[in-house]
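**Student:** show me how the following folds:
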Amino acid sequence: MKKILPVEELARDSRFVRVQIQDAMLDPRQMKVAERNTGSAKLEPERPAAPDRARQLMHGIFMGELQALEGAGRTTFDFDDEDVPFQLKLDMARQSWDESRHCEISVKLAEHMGTEIGEFSEATFLYEAACAEDALLRLTGVNRALEGLAIDVFNTMKLFGDHSGDPVLAACEDWMLADEVTHVKMGSDWLRRLTENDPERREKALEFQRGWVPRRDRREPDPTRAQVPRDGGLQQRRDRRALRGNGRGSGGGGSSGHRRAARFLAWRASRSRPSSSRSSSTTQA
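**Tutor:** Sure thing, here's the model as predicted:
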């Protein structure tokens, strides 16, 4: 098997539509959108475009999880025990397992929300950050920078699920959020351990990290400030048991994306109903 697999050789089937990030940024339609006064960028259920934006964000989360899985798996394989500590490779193997679980959850959530793989395009910058020849650069670029930003994304989707009356979306995002906090901490721990006596290497790694963070978001991720459950994950375990007890998703396997989107819109509209009616519809779902 080839080591240091370039992004061009990532395996994808015909459903995926890949775009270069620079092409997307230079798309003239982006300028027209920027010129419009669209108000707050906050994802709020009351806004007419919220369902479409939420589905697009969910699709983007899936693509990020897929590339994070590929990146962590490559780091596990690309480096020999002489190159990196075995414990680092073990952490990357654990992260690969987390990311594979996130991929499965994200695909089901995307269907739950009325979208499917390929409805939106794929940008590959996350995997590109995992192509560095130094394992430490991969951990700072992916785990500390991009996974750190993912915490904000998962928080956004969790709040959207709470506010739109969708307990499945909220619980799943909260579950994955806990893993993301762990992944950021892995990056920070290994940065300290591998550069304890090498400040020059540490500065190089931090500079690499800054290159993958948008300028407006350039701050050092602080795992101690991340939203770690105060109860040690007890409520998350209860949520998982509740989800298993309620079955998988909302049923209706084989329904079209339009019908799934209609159900999603119905949940959003349920916020305007009386609280007793909303509670009843949530129970039935």
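
**Student:** which parts of the helix or strand encompassing Arg192 are buried?
**Tutor:** Applying DSSP states H and E as the criterion places Arg192 in helix 167-194. Buried residues in helix 167-194, counted by 16 or more other Cβ atoms under 10 Å: 167-191, 194. Every C-beta, even on glycine, is put in place using the N, C-alpha and C of the backbone.

**Student:** before we move on, what about stretch 112-119?
**Tutor:** Within stretch 112-119, the residues that count as buried by 16+ other Cβ under 10 Å are His112, Met113, Gly114, Thr115, Ile117.

**Student:** help me confirm that the third one is found in a strand?
**Tutor:** No. Secondary structure assignment places Gly114 outside any strand; it is coil (DSSP: H, G, I helix; E, B strand; the rest coil).

**Student:** for it, what are phi and psi?
**Tutor:** phi 100, psi 20 (degrees, to the nearest 10).

**Student:** where does the chain dip in pLDDT?
**Tutor:** Within the chain, the stretches with pLDDT under 70 are 21-22, 24-27, 29-41, 214-285.

**Student:** quick one, helices of it?
**Tutor:** 21-25, 28-35, 50-78, 86-112, 125-129, 135-138, 147-163, 167-194, 199-210, 234-245, 257-269, 275-284 (DSSP state H).

**Student:** thinking again about what came up before, the helix holding Arg192 vs helix 147-163, what angle?
**Tutor:** 160 degrees (axes from the mean of the first three to the mean of the last three Cα atoms, to 10 degrees).

**Student:** now for helix 167-194, which elements pack on it?
**Tutor:** helix 86-112, helix 135-138, helix 147-163, helix 199-210, helix 234-245 (3 or more Cβ pairs under 8 Å, 6 or more residues apart in numbering; DSSP states H and E).

**Student:** great, nothing more from me.
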